[in-house]
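S.K.: Turn this into a structure:
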Amino acid sequence: MEYVTAAVPHPRTEAEGPTRSGRRSLALALLFGALGAAVTLLATRQRWSEGAATVATGGAFPLTAKGSDVTGVPASLAIVGLAALVAVFAVRRAGRLLVAALLTLCGAGTVAAALAGASDSSALDEKAAQVTGDTSATVGSLSHTAWPYVAAVGGLLILLAGLLALRYGKLWPAMSGRYERGGAPRPRAAGPAATDPDRPEDLWKALDRGEDPTEPGPA
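M.R.: Take a look at the predicted model:
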């Protein structure tokens, strides 16, 4: 008679699944968040739009506007998102969920602000008014670069980091508390039990440790 034995999954193997997912999502979130913030900050320092203003002499005065001239929202949200990504490890449970939600909103806001600035001309219009001395002057020959969309990609990476934190943040490690609340160190483990002279095994153990079992213990 043949017996068929069913394979029983090892408890350690089952526990490795969530751990592996937590480590992988943590690495991706850190990569996406840090890279997204860096890309967004870099993009906001580049030229987003350019044009020309007509001066009184009839000539054209070239004008350019950086991303920080158009809008300061993407850079600000990128910094807040980077701080939220670090703060995820300092909080637990509900606090971690709130910080992850803030990180997600920072990413979504960065994308929206960058796309809105891709076609904005108000910054160049203000410069044209300053150059010509006419408050109603506008810029002509307006053109835009691809840098606003690069900033939007950075915001998308921050958004992905936030979504990973919302989904897998509960599996991520937190800052370990070495001390209990109130600053008192945790109690140390108790030492070995005293030797009982009535138990032969305790006598042999004491002799192995180089102790004299006939001496009385401390009071």
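
S.K.: Can I get the helix or strand hosting residue 68 in CSV, CA atoms only?
M.R.: Taking DSSP states H and E as the definition, one finds residue 68 inside helix 67-70. The C-alpha coordinates for helix 67-70 follow below in CSV (Å, rounded to 0.1, in the frame of the first residue of the first chain):
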residue,chain,number,x,y,z
GLY,A,67,10.0,77.3,-13.5
SER,A,68,10.4,79.0,-10.2
ASP,A,69,9.3,82.3,-11.9
VAL,A,70,6.1,80.6,-13.2
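
S.K.: quick one: buried residues of it?
M.R.: Of all the residues in helix 67-70, those buried under the rule 16 or more other Cβ atoms under 10 Å are 67, 69-70. From N, CA and C alone the C-beta is placed, and that goes for glycine too.

S.K.: Could you do stretch 107-120 as well?
M.R.: Quick answer for stretch 107-120 (16+ other Cβ under 10 Å): 107-111, 113-114, 117-118, 120.

S.K.: now stretch 142-153
M.R.: 142, 144-145, 147-153.

S.K.: Could you do stretch 48-63 as well?
M.R.: In stretch 48-63, counting by 16+ other Cβ under 10 Å, buried: 48-54, 63.

S.K.: neighbours of residue 76, just the number please.
M.R.: The tally of other residues near residue 76 (other Cβ atoms under 10 Å) stands at 16.

S.K.: which secondary structure element contains it?
M.R.: Following DSSP H and E, one finds residue 76 within helix 73-87.
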